[in-house]
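1. Sequence and predicted structure are below.
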Amino acid sequence: MRILLVLAALGVAMVLSGPTAAQAQAQAPASARCGVFFAHWNVPGAPVGTATVAGMGHELAAARDCIAKDKKATACEHYRRLSEGLKRGAPALAAETGNDIAALMKEAACD
């Protein structure tokens, strides 16, 4: 669980550079709210790892916001998207953090 929290913190502080920064900043973790899903898992010109960490931070923060608002079904969707994004962008990290994400999903009573 600790690795997820550390990487999420990195995602929150991350600033992307390059011609697509405006696109990525529109979905930056600072704007992560319940029901606002990260849409930039594949940003042209950005390293896959950069988009993956930004997406992870966004989806975790948004899921926490959903839990705080008692919107568990939407939190579960954020966790699903997090898991899928990690599998595509960072398979080794997905394998390492899979149990942590599963625990978060169980805690939120996801199906």
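-> Good, I have the coordinates.
2. and the gap between Asp100 and Gly45?
-> 30 Å (CB to CB, to the nearest Å). No exception for glycine: its C-beta is placed from N, CA and C like everyone else's.
3. do the same with Thr97
-> For Thr97, the distance to Gly45 equals 26 Å [CB to CB].
4. can you check Cys76 too?
-> Relative to Gly45, and taking CB to CB, Cys76 is found at 32 Å.
5. Of these two, which one has the most company?
-> Cys76 (19 against 12; other CB atoms under 10 Å).
6. Show me the contact partners of the one helix or strand that one maps to.
-> When elements are assigned from DSSP states H and E, Cys76 belongs to helix 72-89. Identification of contacts with helix 72-89 by CB atoms under 8 Å, 6 or more residues apart in numbering yields 34-35, 37-38, 41, 48-49, 51-52, 55-56, 59-60, 62-64, 66-67, 93-94, 97-98, 101, 104-105, 108-111.
7. ok, then the element right after that helix?
-> helix 91-107.
8. Would you mind getting the angle between that following helix and helix 72-89?
-> 170 degrees (axes from the mean of the first three to the mean of the last three CA atoms, to 10 degrees).
9. in helix 91-107, what counts as buried?
-> 93-94, 97, 101, 104-105 (16 or more other CB atoms under 10 Å).
10. show me what contacts Ala32?
-> 38, 57-62, 65.
11. One more: Ala90?
-> Contacts of Ala90 by CB under 8 Å, 6+ apart are 48-49, 52.
12. can we see that at 6 Å?
-> Neighbouring residues of Ala90 by CB atoms under 6 Å, 6 or more residues apart in numbering: Thr52.
13. repeat for the one 5 residues further on
-> Ala95 makes contact with no residue, according to CB under 6 Å, 6+ apart.
14. Use 34 as the first number for this chain going forward.
-> Right, with 34 as the first residue, what we last looked at is Ala128.
15. any idea how far it lies from Ile134?
-> On the measure of CB to CB, Ala128 and Ile134 end up 11 Å apart.
16. Let's verify Thr85: helix, strand, or coil?
-> helix (DSSP: H, G, I helix; E, B strand; the rest coil).
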